[in-house]
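Undergrad: Quick check, what structure comes out for this input:
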Amino acid sequence: QAQLVESGGGLVQTGGSLRLSCAAPRRTFSNNAVGWFRRAPGKEREFVAAIDWRGTSTYYADSAKGRFTISRDNAKNIVYLQMDSLKPEDTADYYCASALSSAIATTSGAYRYWGRGTQVSVSS
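TA: Next comes the predicted model:
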């Protein structure tokens, strides 16, 4: 089973920044789109951002547009989520996932492998 490992979460004040990382074996990332999802306390998991396998196309949830940036380094098999201008409503567990295909997808059913998550807390 592929292992995706997220890191970079933590506690930050409103307006602050964090950069999440998602590392995985080469076979998991090499030809697959990768997405970030989050689950806030008491809420369902929601899509945040995704990037295609080449790293040339990205897509964001409305809540992330203009504040978050997803990128990938295929040589290192790492996908990043740069989060700026953080708000208390961004508080959640953040998960990365490897898609079933090379194309971007926004629904969790399109993703095969998932990490265990990293916690992000934004204080007001």
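Undergrad: drop to CA atoms for contacts and neighbour counts, all remaining ones
TA: OK.
Undergrad: So what's the gap between stretch 12-31 and the chain middle?
TA: In this view, stretch 12-31 has its centroid 6 Å away from the chain centroid, taken as C-alpha atoms, centre = their mean, to the nearest Å.
Undergrad: first to last residue in that stretch, what's the distance?
TA: Length of stretch 12-31, first residue to last, C-alpha to C-alpha, to the nearest Å: 34 Å.
Undergrad: can you map out the strands along the chain?
TA: 5-7, 10-13, 18-23, 34-39, 46-51, 58-60, 68-73, 78-83, 92-99, 111-114, 118-123 (DSSP state E).
Undergrad: can you put the ones you listed in TSV and add mean neighbour count, distance to Ala105 and mean pLDDT?
TA: What follows is the strands of the chain, written out as TSV (neighbours: other C-alpha atoms under 10 Å; distance: least, C-alpha to C-alpha, whole Å; pLDDT from 0 to 100):
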stretch	mean neighbour count	distance to Ala105	mean pLDDT
strand 5-7	20	19	97
strand 10-13	15	27	98
strand 18-23	21	17	98
strand 34-39	26	8	98
strand 46-51	24	7	98
strand 58-60	19	9	98
strand 68-73	20	14	97
strand 78-83	21	15	98
strand 92-99	26	7	97
strand 111-114	18	8	94
strand 118-123	20	21	98
